[in-house]
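A.B. asks: Would you be able to build a 3D model of this:
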Amino acid sequence: ADMAKHARRDEQATRRRGGRRVAARSLALFIGAFSLANALGYALGHSANQNIWWIDFSWLSTWIGGAAEKMAVILECLVGIALVAWAVRPQTDARRRAVTVALLAVMAAFAEQNVVSYWQLLLDKVLWHALPVPFSVLVVAALVWLACAVARSETVAPDDAGTRTGIVIGALVVALVFPLLQIGFFGTTDYRRASDVAIVLGAQVHSDGTPSMALSERLDTAIELYRQGCVGTLVMSGGQGSDEPVNEVDAMRDYAVANGVPESAILLDPQGNSTEATVADTVPLIAAHGWKSVTVTSSFYHMPRIKMMYLLQGVDVLTVPTVGDVLNDGTAQALPREIPAWWVYWAKGTFIG
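C.D. replies: Below you'll find the predicted structure:
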């Protein structure tokens, strides 16, 4: 009986080790592929600063100037190759393990610098509202965990079909979770400060012409920005759906005026039927008015995609999210849409620019 019990324990321990190895290789496959994609985007000269979603190397330019981008490309390329190779074939010799661990350590050091920079912003009160732990902490933890997994690698039997499938499925799961983490961390961070204008994105209007909960939350945030003196002009951008009695911008203007914003401080973009239309309409408006600093406010889940869309047009906006009644304001219905949308606009920024 004791021998059978020990055998079961050994079998369970072996399964757990196998599960951890598959999880580590799945994460390595995702990070390796993502790093290679970022490096390729920079090498092609089409990247619209997409590394802000991963490890931001821009601070290096203050130390080594124009060589910072080349260094980032080379490092990400090497890390990507090493991690994909390890994910596909972890039977590595000691030298290859040492090189992979060293590359991961360097990347972790850069990610740690991002953590320090973030906390410095918090101490300097540059961020209006933010989580005390940045996304970069997760990046550091992931890289350190992978470094430990690689260091402990040992020769194993060739993968069977189930293991290979598990690694691919695991990498796909990470790819689904990654945009949600960006929404949870970046999307909820409030970067408000004095700027020339705030652009407010529209949302559903009720049959009686009043703003929906999601739209009123966005408007309340914009009105707060105006009252605080952060902006002197609000641009309302929206359209009119087939089931809406009025254009969203009319309802938005009326709501803002009723809450103390003078009509003279409001500009309307009645053709902003989508996020793409809003960006397309407001970028020329920004140039025409000579606005140097631009704030955009919308629901928090919308913010990463908005940031990427404006970056594609060469405009770096400040994002101020609304985080309201997430159970009733349409957040649950919107989140699944934002996962593929995040990847679409990340790919556009990385490979098209």
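A.B. asks: Residue 271: which element?
C.D. replies: Residue 271 belongs to no helix or strand when assigned by DSSP states H and E.
A.B. asks: Residue 165 now?
C.D. replies: Assigned by DSSP H and E, residue 165 belongs to helix 161-185.
A.B. asks: Go through that helix and flag the buried ones.
C.D. replies: 163, 166-167, 170-171, 174-175, 178-185 (16 or more other C-beta atoms under 10 Å). Placement of C-beta: from N, CA and C, glycine included.
A.B. asks: do stretch 193-212 as well
C.D. replies: Buried residues in stretch 193-212 (16+ other C-beta under 10 Å): 195, 197, 198, 199, 200, 201, 202, 203, 204, 205, 211, 212.
A.B. asks: for the fourth one, helix, strand, or coil?
C.D. replies: Put plainly, it is residue 199. strand (DSSP: H, G, I helix; E, B strand; the rest coil).
A.B. asks: tell me the contacts of it?
C.D. replies: Residues counted as contacts of residue 199 (C-beta atoms under 8 Å, 6 or more residues apart in numbering) are 234, 235, 237, 278, 282, 294, 295, 296, 297, 317.
A.B. asks: what do you get for the first one?
C.D. replies: Contacts for residue 195 (C-beta under 8 Å, 6+ apart) come out as 230, 231, 291, 293, 294, 295, 318.
A.B. asks: do that again at 7 Å, thanks
C.D. replies: Listed by C-beta atoms under 7 Å, 6 or more residues apart in numbering, the contact partners of residue 195 are 230, 231, 293, 294, 295, 318.
A.B. asks: Residue 226 now?
C.D. replies: Residue 226 sits next to 234, 261, 265 when contact means C-beta under 7 Å, 6+ apart.
A.B. asks: neighbours of the first one, just the number please.
C.D. replies: Around residue 234 there are 24 other residues, counting by other C-beta atoms under 10 Å.
A.B. asks: same thing with the second one?
C.D. replies: If you count neighbours by other C-beta under 10 Å, residue 261 ends up with 18.
A.B. asks: is it true that it touches residue 225?
C.D. replies: No - the pair residue 261 and residue 225 fails to qualify as a contact (C-beta atoms under 7 Å) at a distance of 10.1 Å.
A.B. asks: what's the spacing between the closest residue in space to residue 283 that isn't next to it in sequence and residue 306?
C.D. replies: Counting by C-beta to C-beta, 6 or more residues apart in numbering, residue 283 lies nearest to residue 313, which is 4.7 Å off, once chain neighbours are set aside. Residue 313 sits 11 Å away from residue 306, going by C-beta to C-beta, to the nearest Å.
A.B. asks: Compare those two (neighbour count), which wins?
C.D. replies: More crowded of residue 313 and residue 306, by other C-beta under 10 Å: residue 306, with 23 against 15.
A.B. asks: could you measure that one against residue 190, distance?
C.D. replies: Here residue 306 is placed at a distance of 14 Å from residue 190 (C-beta to C-beta).
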